[in-house]
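Trainee: Have a look; sequence and predicted model below, questions after that.
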Amino acid sequence: MKEFRNPQDVHAPLGAYTHQVELQGERLLAMSGQVGMDHDGTVPEGTIAQLDLALDNVRRNLVAAGLDMSDVVKLTFYIVGEVDTDERRRVVASKLGDHRPCMTLLFISSLASPALKVEVDAWASRAA
């Protein structure tokens, strides 16, 4: 069972996320960070395009495990440089809909390759 909570004595979430998710009796899937790279090794130039593709790669990993985006409990975004906040939120919302997992956003100086601008770390769970 997953229980999504925003404690009353903690500020309201600053965006489309939940402060905490408690898991009880769940399957748990941990993924390596997913980057904005297609299966053939192609990396789009733009940060937003890479974010869209990285989230598609998260979804593909979920499907391979018999899960879907509604099973995501935690996302951590690593973004190199600046990105348009509204566009970032639009892309994330297009993948998650009304689902509100826990989220962390970090702006960093670099990733494993200079071409990479986005990496998404994801955790998912579903009742066992």
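Mentor: That came through fine.

Trainee: residue boundaries of the helices in the chain?
Mentor: Using DSSP state H, the helices of the chain run over residues 47-64, 85-96.

Trainee: Ignoring the adjacent residues along the chain, who's closest to Gln24?
Mentor: Met1 (4.8 Å; Cβ to Cβ, 6 or more residues apart in numbering). Any C-beta I mention is one placed from the backbone N, CA and C, and that applies to glycine too.

Trainee: contacting residues around Ile108?
Mentor: 78-80 (Cβ atoms under 8 Å, 6 or more residues apart in numbering).

Trainee: Please pick the buried ones from those.
Mentor: The neighbour-count criterion (16 or more other Cβ atoms under 10 Å) marks 78-80 among the contacts of Ile108 as buried.

Trainee: wait, which of the residues you listed is closest to Asp98?
Mentor: Using Cβ to Cβ, the shortest approach to Asp98 within the buried ones among the contacts of Ile108 belongs to Ile79, at 23.4 Å.

Trainee: you'd agree that closest one is up against Ser109?
Mentor: No: using Cβ atoms under 8 Å, Ile79 is not in contact with Ser109, being 10.8 Å away.

Trainee: Tell me the spacing between the closest residue to Ser94 other than its chain neighbours and Lys95.
Mentor: Distances taken as Cβ to Cβ, 6+ apart place Asp52 nearest to Ser94, at 7.9 Å, with adjacent residues excluded. The gap separating Asp52 from Lys95 is 8 Å, by Cβ to Cβ, to the nearest Å.

Trainee: Cool, thanks, signing off.
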